[in-house]
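[1] Need coordinates for the below:
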Amino acid sequence: MDVARKKGFTILEMIVVVATFLLLLLVIIIGVREFAQKGRETHLRTKLRDLQKLSQAIYLESSEGFKVLCAQQGGRLNEGYNSGLAQIQSEIDKIAGPNSLVCYADVDKYCISVEMHGVYLCIDSTGELVQTSTPCIDSNPCL
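    As a prediction, this is how the structure comes out:
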């Protein structure tokens, strides 16, 4: 007797194809996440540089110097003082999440840090933008 062979795929062939497809999909997802994370970090660095420039302008125009930057010590930016501060605070909230920014300021110095995925980007009145493992704890330069 001649047994006719059926046309089609075996279950093993189908499992191999699906597993290969899922593996490729996983590699793509991981790559996209890393790319998106780097994009958010770059955007955050840009916003902190914008904040540094705005801080210098506020220092020159305000009789209280840098002190007006923070709504309260250890809190958010003083959004009521300047629309630029409000815009930067809003964008940082979108990038890193609400309550991720810590602001300390005295008349002649400030320290502002933003937490993002367990590390802090910190900018201070010396003009330095650094990555650190701890947030600002007062208006002294970033640690």
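[2] measure stretch 115-126 end to end?
    Taking Cα to Cα, to the nearest Å, stretch 115-126 runs 20 Å from one end to the other.
[3] now the strands for this structure?
    Taking DSSP state E as the criterion, the chain contains strands spanning 101-105, 110-116, 119-124, 129-132.
[4] Compute the inter-axis angle for the longest one and strand 119-124.
    Direction vectors for strand 110-116 and strand 119-124, defined by axes from the mean of the first three to the mean of the last three Cα atoms, to 10 degrees, enclose an angle of 160 degrees.
[5] okay, now the nearest residue to Arg40 once chain neighbours are set aside: neighbour count?
    Computed as Cβ to Cβ, 6 or more residues apart in numbering, the closest residue to Arg40 that is not its neighbour in sequence is Ile95, at 5.4 Å. In this view, the C-beta of every residue, glycine as well, is placed from N, C-alpha and C. The number of residues packed around Ile95, counting by other Cβ atoms under 10 Å, is 18.
[6] Spit out the contact partners of Ile95.
    Contacts were defined as Cβ atoms under 8 Å, 6 or more residues apart in numbering; by that measure Ile95 touches 40, 43-44, 47, 116.
[7] Would you mind checking those for buried ones?
    By neighbour count, with 16 or more other Cβ atoms under 10 Å, those hold 44, 47, 116 as buried.
[8] Test my guess that the first one contacts Met116.
    Yes - counting by Cβ atoms under 8 Å, Leu44 sits close enough to Met116 to count as a contact (6.2 Å).
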